[in-house]
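Asks: Sequence plus the predicted model coming up.
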Amino acid sequence: MKNAYNFLSLLLMTACANVAMPTGGPRDKTPPELISSIPSDNQRNYTGKSLELTFNEDIKLKDPKEEILIIPSLGKNTVFTVKKKKLIIEPELEWESNTTYSMNFRDGVQDITEGNPAENLRLAFSTGPTIDSLSVIGRVKDTFSEKIPSKITIALYQAATFDIFKNTLVYFTKSDIKGRFRLSNLKADKYFIYAFDDKTKDLIVDRKTKKFGYI
């Protein structure tokens, strides 16, 4: 009986150890904050080859090529790299001269503990002496159902000869869960606008498989 009692005590102690795991303290509810960036927000005459953002804590990325929106586009093969508290962005395309670049990070940058996304993180800089300030704001909805679709790609183009089924996007963003969108820091000009449901994430309108509309 003595041996059986010791064996039973061991089982009870093991069970208690499995249940009483340490909690690790309170949950982290604070999103990462941007401390510095190269270039800085609204910097002019930027000539560097890459972008570097430093946060106040270690970060991770969530779907950066979809969540981090950069206009004009830096190319589909732009590289996003995280090194602890730093995010490094290496563009595929060379900077355009005298051009303002606008970046909206949405939920693309998060802390590594709870996945809290950086809030309202935006950055604009220029390769020339001025920062362009034109904004296009709107909302999308489904014409037939009146439903509000989210994550719809909205794009701008300038030339009347632009073919939305063939040409590459330059200025684009995506709508939020309420169908709202905003494109900022654009050059003053005349623009045409179109929207489409880019489920394949290839930034190309396919009239046979994707919903689209244009003005």
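Replies: Right, received. Where do you want to start?

Asks: so how many other residues sit close to the nearest residue to residue 128 once chain neighbours are set aside?
Replies: Leaving aside its sequence neighbours, residue 128 sits nearest to residue 98 (Cβ to Cβ, 6 or more residues apart in numbering; 3.3 Å). Every residue, glycine included, has its C-beta placed from N, CA and C. For residue 98, the count of nearby residues is 13 (other Cβ atoms under 10 Å).

Asks: Quick check: residue 98 vs residue 126, distance?
Replies: To residue 126, residue 98 is 8 Å away according to Cβ to Cβ, to the nearest Å.

Asks: sorry, back to before: identify the residues contacting the residue nearest to residue 128.
Replies: 126-130 (Cβ atoms under 8 Å, 6 or more residues apart in numbering).

Asks: Need the max-distance pair from those.
Replies: 127 and 130 (10.4 Å; Cβ to Cβ).

Asks: Show me what residue 172 bridges to in the sheet.
Replies: Counting by DSSP bridges, residue 172 is bridged to residue 155.

Asks: And the pLDDT for the closest residue in space to residue 148 that isn't next to it in sequence?
Replies: With Cβ to Cβ, 6+ apart as the criterion, residue 148 has its nearest non-adjacent residue at 4.0 Å, and that residue is residue 179. Predicted confidence (pLDDT) at residue 179: the value is 90.

Asks: I'd say residue 179 and residue 142 touch.
Replies: No. With contact defined as Cβ atoms under 8 Å, residue 179 does not reach residue 142; the gap is 9.2 Å.

Asks: what sits against residue 29?
Replies: 114, 116.
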